Structure formats: C-alpha cells, structure tokens
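Enquirer: this one's sequence-less:
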C-alpha cells in the first residue's frame, strides 16, 4: 500500500536581529518573540530571546549592533496565521530605569531565501501632558503589558503611538512540503527585498 503524502509543511527560519538606529538613545538591548496562528506549532529552536546591551558604533552611522541569532522551525497545516516576529527595544532613562524605546513587528518572509527587513519602531504615548510629566517623574513610561499585542490589529487603533527608531533583521527562510500540500512560494530576489513594512493582520 502506498504511503500517504505529508499532512503538514515546515517553515525553517534562522538569521539575526542585526542592528538598530535610535539617534536619541544608547546602551540598548532587544527582546524578540514569535506570534502565530492556532494551526501553527514550533518544533525546534527558540520562540523568544533577549540580546546583550550594546552601545552605538563610533563610525558615522552610529548604529547599535547586536547580531543576535534567531533560529526556529514551525509546522502547520495551512498558511493562515503565518508567524510574525515582535521586537521590543529597551534602554535606561535619565534615572537609570529600563524603559521601552520601541516596539515593532513584521511577518516572517513568505518566500524561501535570504531576506533583509528594516522595521519602523514606535512607542505608546501618554494621552495628556499631566500623564507625560507623571510618567517621566516616576520613571515609568507607557508600555504594553504583553508585547505580542503589537502583532494584533484588535484594539491597536485606540492606542496613541509615536514613531521612534528602526531595527534591521536578516532572515534565511526554508520551506518543506508546501508544494505537496498545494501551496507555492517563489524564491526570494535578494537584491529587491521591499523596505520598511508593518504587518496588517495575517496574509491572505
């Protein structure tokens, strides 16, 4: 009797949180986590991580370089809920307290190959001048209790935010058995990856 075909496909992702641009800040570190749909499950690697603290480079770019590795494998039965990576960047304020300096998220690239993504970051804003002063004085800036909310559309429209900084990621993506399940993905053109993008829900 012939063996049946595969019932799941695999998405293998490695790469690194390469660097960041935050002109106003220094001595920052980065946390990442993955958000994905209910039909997805990690089978190997790490779903979250926290980088070392890094200082700005001394060249003209003044980049914050982490080169922090990412390595995870997922299995799924359909592409809905394709994984996103959520980034949170933290650093000290004038009082030495760790405060959030930026949130951002992007889908893992859909096509196999090497990809580079630059993610625009943002921070939640206080809604009044009194709240701004209080949060500054108390050393507690507004932040999300769960950073994964960044990857979700629900309720985001009522949050007041301000753009602040960019983070650059490198992805190496490999898929297995997608075509056997009826899905196709073209290899990436590594010279023409799109620029900054923010996720809007899940892919169609």
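Expert: Nice, I can see it. The structure presented is a predicted model; accordingly, all values stated were derived computationally and were not measured.

Enquirer: Mind checking what helix or strand follows the helix or strand bottoming out on mean pLDDT in the chain in sequence?
Expert: The weakest-scoring helix or strand in the chain, judged by mean pLDDT, DSSP states H and E, is helix 129-138 (a mean of 52). For helix 129-138, the succeeding helix or strand toward the C-terminus, using DSSP states H and E, is strand 161-176.

Enquirer: Pairing partners for that following strand, with directions?
Expert: strand 9-21 (antiparallel), strand 113-124 (antiparallel) (DSSP bridges).

Enquirer: Just checking the distance from it to the centre of its chain.
Expert: Offset of strand 161-176 from its chain centre (Cα atoms, centre = their mean, to the nearest Å): 5 Å.

Enquirer: Could you list the low-pLDDT ranges of this protein?
Expert: Along the chain, the parts satisfying pLDDT under 70 run over 1-4, 126-142, 153-159, 186-204.

Enquirer: if you set the cut-off to 50 instead, what comes out?
Expert: By pLDDT under 50, the low-scoring segments of the chain are 1-2, 133, 189-204.

Enquirer: Turn the strands paired with strand 161-176 into TSV, columns for mean neighbour count.
Expert: C-beta: built from backbone N, CA, C; applies to glycine. What follows is the strands paired with strand 161-176, written out as TSV (neighbours: other Cβ atoms under 10 Å):
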stretch	mean neighbour count
strand 9-21	20
strand 113-124	19
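
Enquirer: JSON lines please, covering those strands and showing distance to residue 55.
Expert: Below are the strands paired with strand 161-176 laid out as JSON lines (distance: least, Cβ to Cβ, whole Å):
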{"stretch": "strand 9-21", "distance to residue 55": "12"}
{"stretch": "strand 113-124", "distance to residue 55": "18"}
